[in-house]
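Novice: I would like to see how this sequence folds:
(one chain, ligands or ions: 1)
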Amino acid sequence: MVEQSIWMQKVAADPGHSSWYVERFRSMARAGDDLAGEARLVDALVPRRARILDAGCGPGRIGGWLADAGHDVVGVDVDPFLIEAAEHDHPGPRWLVGDLSELDLPARGITDPFDAIVCAGNVMTFLAPTTRGEVLKRLRAHLAPGGRAAIGFGAGRGYEFPAFLEDAAAAGFEPDLLLSTWDLRPFADDSDFLVALLRGR
Ligand SMILES: C[S@@+](CC[C@H](N)C(=O)[O-])C[C@H]1O[C@@H](n2cnc3c(N)ncnc32)[C@H](O)[C@@H]1O
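Specialist: Numbering: from 1, shown residues only. Have a look, this model is predicted:
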């Protein structure tokens, strides 16, 4: 049994947390807010009809956009309520409930590796800290040769950027490019957000 993710600890403490989160994104979508910035960056990383894993997909705004762009998308999230919302709001991708620290898609019949993996929306900081290294190893194991992972999260959330980059290196990733935003601004020592584009070593 793996340690419960910080996200599911929040859900246990407040059973309304997941529905609040779903409604937050639904109301932003109704308001016409731009919810696809991360997806547009990932789309630029891959050929057409690529295989993309949305790791910690939540209610599916990123994977849904990428599927609409013609990619073959699998989304995995530990919160069943969010996966139900993804199925409802963004039909098309394969949405699966699962903990990223136990990710084994071949065991679930999804045998081909991924051209890109996106892990956006602070997912890394909602993992149980003891599982971070294992999650990165499993993401690495699901990446196709030449594929890239795009992982983004904010500073001040309990996972320092240097520690993340060390864990990523230990998992077999190498940074291709470090950015501070999903719209391609460069990363600097004082950046308060990191978008790491990682390739396999
Ligand atoms: C802030 S939400 C971001 C959702 C989505 N990536 C987005 O940007 O819209 C963080 C997500 O991380 C997921 N998560 C946290 N720990 C996880 C784990 N161990 N395995 C799978 N998903 C996890 C949560 O369930 C939640 O959906």
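
Novice: going by C-alpha atoms from here, please, whenever you check contacts or count neighbours.
Specialist: Will do.

Novice: which stretches in the protein count as strands?
Specialist: All strands of the chain, identified by DSSP state E, fall at 51-55, 72-77, 94-97, 114-119, 143-154, 173-179, 193-200.

Novice: which one of these lies closest to the ligand?
Specialist: The ligand lies closest, by Cα to the nearest ligand atom, to one member of these: strand 72-77, at 3.8 Å.

Novice: listing partners with orientation, what would you give for that closest one?
Specialist: With DSSP bridges as the test, strand 72-77 is paired with strand 51-55 (parallel), strand 94-97 (parallel).

Novice: report the central residue of this structure.
Specialist: Cys119 (1.9 Å; Cα atoms, centre = their mean).

Novice: got a pLDDT number for that residue?
Specialist: Cys119 carries a pLDDT value of 99.

Novice: from memory it sits against Asp54, does it?
Specialist: Yes: under the criterion of Cα atoms under 8 Å, Cys119 makes contact with Asp54 at 6.2 Å.

Novice: and Gly172, its phi and psi?
Specialist: Per-residue torsions, Gly172: phi 100, psi 20 (degrees, to the nearest 10).

Novice: contacts only, for it.
Specialist: By Cα atoms under 8 Å, 6 or more residues apart in numbering, Gly172 lies in contact with 137, 140, 200-201.

Novice: please enumerate the helices of this structure.
Specialist: 6-13, 17-30, 37-45, 61-68, 80-89, 123-126, 132-141, 161-170 (DSSP state H).

Novice: which stretch among these is buried most, on average?
Specialist: helix 61-68 (a mean of 23; mean count of other Cα atoms under 10 Å).

Novice: and that helix, what does it pack onto?
Specialist: If you count contacts as 3 or more Cα pairs under 8 Å, 6 or more residues apart in numbering; DSSP states H and E, helix 61-68 packs onto helix 37-45, strand 51-55, strand 72-77.

Novice: circling back: now mean pLDDT and distance to Pro129 too, for the strands paired with strand 72-77, in a markdown table please.
Specialist: What follows is these, written out as a markdown table (pLDDT from 0 to 100; distance: least, Cα to Cα, whole Å):
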| stretch | mean pLDDT | distance to Pro129 |
| --- | --- | --- |
| strand 51-55 | 99 | 16 |
| strand 94-97 | 98 | 20 |
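
Novice: highest mean neighbour count out of those strands?
Specialist: Greatest average neighbour count among the strands paired with strand 72-77 goes to strand 51-55 (a mean of 26), per mean count of other Cα under 10 Å.

Novice: is the ligand contacted by that one?
Specialist: No: contact between strand 51-55 and the ligand, assessed by Cα under 6 Å from any ligand atom, is absent, since the two come no nearer than 6.7 Å.

Novice: picking that back up, which stretch among the helices of the chain comes nearest the ligand?
Specialist: Using Cα to the nearest ligand atom, the nearest of the helices of the chain to the ligand is helix 123-126, at 4.1 Å.
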